[in-house]
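Colleague: With the sequence up front, the predicted model follows.
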Amino acid sequence: MNGADTAWILTSTALVLFMTLPGLALFYAGLVRAQNVLSVLMNCFAIACVISIVWLVVAYSIAFGDGGAGNQWWGGFGKSFLSGVGLDTLSGSIPESLFFMFQMTFAIITPALIVGAYVERIQFAFVILFSVVWVIIVYAPVVHWVWGGGFLADMGVIDFAGGIVVHVTAGVSALVLAMMLGKRRGFPNELQPPHNPGMTMVGAAMLWVGWFGFNAGSALAADGAAGMAMTVTHISAAAGAIAWSVMELMLYRKASLIGAVTGMVAGLATITPASGSVGPVGGLVLGLAGGVVCFTITQMVKQRFKIDDSLDVFAVHGVGGALGTLLAAIFVTTVLGGNGLAEGMTVGSQLGVQALGIIIVAVWAGVLTFIIAKIISMFVQFRVSEEDEVQGLDLAMHGERGYHNM
C-alpha cells in the first residue's frame, strides 16, 4: 500500500461525492420552477442512498469481479457484499475497500445525471426503481467492459474517467426517458425560466471543484498523471464556459450565467475520457469544441426535434462525452502533447475503436433503458397527473415546500 496514493484517493472519493451532494443537486435545483426545487434535491439525495447499497450488494461485483469464464462481459457475483475484501486487500497500491468507495461515487452520480431529463413531471417511486435497476443492468456491465478488464478494454478503448462509462450511458438513457415521458406543460414556448440561477452557479462551482476528484482521482495514484489530468480538466472547463458564452453573444447578443456554467459542464464532460491521455493543448481544444458542439446540439434537441430533455443531459453529457472520446484518439498523439498511442495503433485505428465503443454502449444503454422503463411503468406510475404537475412535485410527491412565501 502506498500512503500518498491512498490519501489522494480518499480525498478524491470525497470530492466525487461532493459533485452529487450538493453540487449536481443544487445545479439542477436552480434550473427548475420554485415549486419543484425540493423534488430535484430529493431525487439526487435518494439516488445517493439507494445506489450506495446496490453497489455493495451486487453492482460492484458485476463491475469489478473476476467473472470466471464470462469475464469479458461481466464480473459475476463473487464480490457481492465485498466478499473476500479485508483490511489488507489491495487494488493496485490502495486498499480495495477504498477503490470500492471511489467507484461507488461514480455509480451514484451517473443515474443522478439522468435526473435532469425528467424533472418536474415524474413519479418519485419510478425514479428510485428505475435508478436501481439501471445501475445493475446498464451501468455495472459497461464499467466491467471498459475498466474491469472486459472486451472494450481489450480492444484498446481510451476512457480515462468515464466519457463512455458515465456520460454516454447517462446521456443516451436521458434522451430515451425524455422521449418516453413526453413534454412538460408549456414546452417549449411557455415554460417558466429557471427559478434561481444563483443556486445553479453555486452547484456548478461545486461540480468544477469536485471534477478534480473525478478525473485526477482516476489516475488512482498521487503522481504526474493525476497532476496533468487536473490541469487539462481545469483548462477544458474554462474553455467550455468561454465557448458557450461566445455562442450566446453571437446569436442573442447576451451572455447568460446559465449559459456560462452549462458550457463549463460541457467542457468537463468532453475532457473526461481524455484527461489521462492528452496535454494542455488537448484540454484547450476539447473544452472549446465541447462548448460549441454541445451548445449547437442543445438548440437542435429542443427547437428542431422538440424533445424536452429538460436540463440538456443528452446534449451536454452524452454528446460531450462522445465528442471527447473521439477527440482523444487525435490528441493522445505525442505531436499534440499527448501520451502517445498504444503500440500498433494509428490515429485512424484508435478512432475506429473509440467510435465502436461509443456505438455499442449507446445502443446498450438506449435499448435497455426503454425496456426497463416499460416494465417498471407496468407496476408504478411513470408520469405524474396534470394536477400534480401544475401544483409542483414538492407538495405532490413530498408534502413540503422549498419556499413558504409561494
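Modeller: Looks like it came in fine. Numbers count the residues shown, from 1 in each chain.
Colleague: In this model residue 240 seems to touch residue 264, though I could be wrong.
Modeller: Yes - between residue 264 and residue 240 there is a contact at 5.4 Å, judged by Cβ atoms under 8 Å. Quick note: C-beta positions are derived from backbone N, CA and C, even for glycine.
Colleague: which of those two has more neighbours?
Modeller: More crowded of residue 264 and residue 240, by other Cβ atoms under 10 Å: residue 240, with 33 against 29.
Colleague: show me the contacts for that one.
Modeller: 263-268, 270, 287-288, 290-291, 294 (Cβ atoms under 8 Å, 6 or more residues apart in numbering).
Colleague: same thing with residue 199?
Modeller: 26, 29-30.
Colleague: Local confidence estimate at it?
Modeller: Residue 199 is assigned 98 on the pLDDT scale.
Colleague: Could you look up the SS state of it?
Modeller: helix (DSSP: H, G, I helix; E, B strand; the rest coil).
Colleague: Check the one 5 residues further on too.
Modeller: For residue 204, the secondary-structure state derived from three-state DSSP is helix.
Colleague: Longest helix in the chain, by number of residues?
Modeller: With secondary structure taken from DSSP state H, the chain has its longest helix at helix 347-377.
Colleague: Buried residues, it. List them.
Modeller: 350-351, 353-354, 357-358, 360-362, 364-366, 368-369, 372-373, 376-377 (16 or more other Cβ atoms under 10 Å).
Colleague: quick one: average pLDDT of the helix or strand following that helix?
Modeller: Next in sequence after helix 347-377, counting helices and strands by DSSP states H and E, comes helix 386-391. Averaged across helix 386-391, pLDDT comes to 96.
Colleague: so where is this protein shaky, pLDDT-wise?
Modeller: For the chain, applying pLDDT under 70 flags the ranges 68-70, 406.
Colleague: The same query, at a cut-off of 80, please.
Modeller: Applying pLDDT under 80 to the chain flags residues 67-70, 191, 405-406.
Colleague: just to revisit the earlier point, by contact count, what packs against the longest helix of the chain?
Modeller: The elements that helix 347-377 packs onto, with contact taken as 3 or more Cβ pairs under 8 Å, 6 or more residues apart in numbering; DSSP states H and E, are helix 124-134, helix 140-147, helix 151-155, helix 169-181, helix 319-331.
Colleague: Need those in TSV (columns: mean neighbour count).
Modeller: Output for those, formatted as TSV (neighbours: other Cβ atoms under 10 Å):
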stretch	mean neighbour count
helix 124-134	20
helix 140-147	25
helix 151-155	16
helix 169-181	25
helix 319-331	27
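Colleague: Same list (these) but as CSV, adding distance to residue 22.
Modeller: Formatted as CSV, these follow (distance: least, Cβ to Cβ, whole Å):
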stretch, distance to residue 22
helix 124-134, 18
helix 140-147, 25
helix 151-155, 33
helix 169-181, 19
helix 319-331, 22
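Colleague: in what helix or strand does residue 244 lie?
Modeller: Going by DSSP H and E, residue 244 is in helix 224-252.
Colleague: Quick one: distance of the helix or strand that comes right after that helix to the chain centre.
Modeller: Remark: after helix 224-252, the chain's next helix or strand is helix 257-271, criterion DSSP H and E. For helix 257-271, the separation from the chain centroid amounts to 13 Å (computed by Cα atoms, centre = their mean, to the nearest Å).
Colleague: coming back round to it: now, the most widely separated pair of the contacts of residue 240?
Modeller: Pairwise distances across those peak at 14.5 Å for 265 and 288 (criterion: Cβ to Cβ).
Colleague: And the two? Which one has more around it.
Modeller: Taking neighbours as other Cβ under 10 Å, residue 265 and residue 288 compare with residue 265 leading, 28 against 22.
Colleague: Could I get the buried residue list for the strand or helix carrying residue 296?
Modeller: Using DSSP H and E, the element containing residue 296 is helix 280-299. Across helix 280-299, burial judged by 16+ other Cβ under 10 Å covers 282-295, 297-298.
Colleague: And that helix, what does it pack against?
Modeller: helix 224-252, helix 257-271, helix 319-331.
Colleague: Hey, what's the angle from the shortest one to helix 224-252? Just curious.
Modeller: Here helix 319-331 points in a direction 120 degrees away from that of helix 224-252 (axes from the mean of the first three to the mean of the last three Cα atoms, to 10 degrees).
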